[in-house]
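Chemist: Okay, structure incoming, though there's no sequence with it:
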């Protein structure tokens with residue numbers, strides 16, 4: 001009898017697995033038929049019954065029915081426990097934090113506090129962006145407050161642009177910190193080229209939903225777009 005039960009359970013599991021795989025295949029076929037450029041990375045059940053989450057190669061997530069006939073975009077919220085919770089943003093924050101953490105320290109241009117580090121931020125930046133330059137002037141105060149600032153490249157004009165080449169030159173300089181500061185102050189720096197992560201970081205920014213600069217990513221993955229003073233940032237981080 002026990003053997004029979006095990007065989008029955010195995011059969012049911014196999015049927016269920018086949019159904020889920022078939023459903024995923026149908027979703028993928030129906031979506032890519034009308035959107036050939038859509039590169040689907042993952043399909044899974046969402047927290048909402050009957051709704052499937054479709055993750056692609058960009059930062060946008062699709063929600064679809066069980067066969068991909070209907071879909072929508074946007075954030076999925078929960079009211080469980082009487083609390084409003086943005087489930088989509090929670091997942092995005094976790095993904096951002098993971099992706100930023102995967103970037104090695106040697107791949108960033110880091111301005112560190114002289115004393116104890118109380119918080120770390122990553123900043124996607126464009127050398128020619130006015131507000132990026134304004135934010136950079138706040139970096140000494142940020143360091144004074146114990147905030148470590150790691151810069152990642154995000155030349156808004158794209159790979160091969162003048163801003164891109166300036167960042168490559170700063171990255172390849174003997175003193176990256178000084179070269180970046182000079183460039184952000186509008187000073188000319190020697191043109192240099194070497195193996196660098198600039199294009200990879202630009203692509204990473206696009207993947208994480210960066211649409212403008214500066215874009216600050218906190219340690220928990222929260223994306224803060226735009227300029228902030230050092231003190232305002234410190235207050236938001238609970239330092240002041």
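Modeler: Arrived safely. Quick caveat: nothing in here was measured; it's all calculated off a predicted structure.

Chemist: Spell out which residues make up each domain of the chain.
Modeler: The record's domain parsing of the chain by automatic domain parsing lists 2-74, 108-236.

Chemist: closest to residue 83 out of those?
Modeler: When those are compared by Cβ to Cβ, domain 2-74 sits nearest residue 83, at 13.9 Å. Glycine gets a C-beta too; all of them are placed from N, C-alpha and C.

Chemist: Where does the closest residue in space to residue 129 that isn't next to it in sequence fall, secondary structure wise?
Modeler: Computed as Cβ to Cβ, 6 or more residues apart in numbering, the closest residue to residue 129 that is not its neighbour in sequence is residue 213, at 4.6 Å. According to DSSP states H and E, residue 213 maps onto no helix or strand at all.

Chemist: Test my guess that residue 213 contacts residue 156.
Modeler: Yes - contact criterion Cβ atoms under 8 Å: residue 213 and residue 156 qualify, at 6.1 Å.

Chemist: Need the residues touching each of those two.
Modeler: 126, 129 (Cβ atoms under 8 Å, 6 or more residues apart in numbering).

Chemist: Which one's more surrounded, these two?
Modeler: Legend: neighbour count by other Cβ atoms under 10 Å for residue 213 and residue 156, higher for residue 213 (26 against 19).

Chemist: middle-most residue in this structure, spatially?
Modeler: Nearest to the geometric centre of the chain sits residue 208, at 2.6 Å (Cα atoms, centre = their mean).

Chemist: can you give me the strands for the protein?
Modeler: Under the criterion DSSP state E, strands of the chain are mapped to 40-45, 52-56, 61-64, 71-73, 77-78, 85-86, 109-111, 119-125, 147-153, 215-218, 223-225.

Chemist: With mean neighbour count added, can I get those strands in a markdown table?
Modeler: A markdown table is the format used below for these (neighbours: other Cβ atoms under 10 Å):
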| stretch | mean neighbour count |
| --- | --- |
| strand 40-45 | 13 |
| strand 52-56 | 19 |
| strand 61-64 | 19 |
| strand 71-73 | 12 |
| strand 77-78 | 14 |
| strand 85-86 | 14 |
| strand 109-111 | 18 |
| strand 119-125 | 23 |
| strand 147-153 | 24 |
| strand 215-218 | 22 |
| strand 223-225 | 15 |
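
Chemist: Residue 185 is nearest to which of those strands?
Modeler: Using Cβ to Cβ, the nearest of the strands of the chain to residue 185 is strand 119-125, at 13.6 Å.

Chemist: Can you give the contact residues for that closest one?
Modeler: 100, 103, 108, 132, 135-136, 142, 146-154, 201, 205, 210, 213-219, 233-234, 237, 239.
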